[in-house]
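Novice: next input, structure requested:
(one chain, ligands or ions: 2)
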Amino acid sequence: IERTFSMIKPDATKRNLTGAITKVFEENGLSVVASKRVWMAKRDAEAFYAEHKERPFFGELVEFMCSGPTVVQVLEGENAVLKNREIMGATNPEKADEGTIRKTFALSMGENSVHGSDAPETAAREIAFWFSETEIV
Ligand code: ATP
Ligand code: MG
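Specialist: Ligands and ions are numbered 1, 2, ... in the order given. Model (predicted):
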């Protein structure tokens, strides 16, 4: 059993898609073992996405992530990291496979509805960034 970190991004919370997206996780065998809504401060978004700080879209990404509430979650299941990446689909919704969350719900490359950790080591770091162990049950 494995854990991954997920975020339902502001474009999705604003369109009232929290339940619809969470349902896709659950239908695919991922359990929500921690969940909370956060309205990120700029310094949190910058720290969370520090690995992207040299990329041209960094400012836009930080601004978007602070534009409304986000739902941060820990998902648990078999091969949770890889499974969640499959369920989300490609970063660019136009390139995402049919049936994926981004194909179904995302608006653009930036406003792409969900984040998911890209490796188990990343997941551990990202989970620890937002949750204490006692919040994960
Ligand atoms: P995430 O890390 O959110 O799960 P990802 O791993 O598919 O997405 P990354 O390359 O890590 O994609 O980029 C992080 C996020 O930055 C993307 O999800 C997207 O919101 C934003 N982003 C990436 N590339 C661009 C771009 N070219 N223009 C605007 N925003 C972008
Ligand atoms: Mg990524």
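
Novice: write out the residues of the protein neighbouring ligand 1.
Specialist: 52, 57, 60-61, 91, 109-110, 112, 115-116, 118 (Cβ under 6 Å from any ligand atom). For glycine as for every other residue, the C-beta is placed from the backbone atoms N, C-alpha and C.

Novice: if we use 8 Å, what do you get?
Specialist: Near ligand 1, the residues belonging to the chain are 7, 9, 49, 51-52, 55-57, 60-61, 64, 85, 88, 90-92, 108-112, 114-118 when assessed by Cβ under 8 Å from any ligand atom.

Novice: any quick ChimeraX command for the buried ones out of those?
Specialist: If you want just the buried ones from the residues of the chain next to ligand 1 in ChimeraX, going by 16 or more other Cβ atoms under 10 Å, the selection is:
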select :7,9,49,61,64,85,88,90,110,111,112,114,115,116,117
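
Novice: among the residues of the chain next to ligand 1, which are in strands?
Specialist: 7, 114-116 (DSSP state E).
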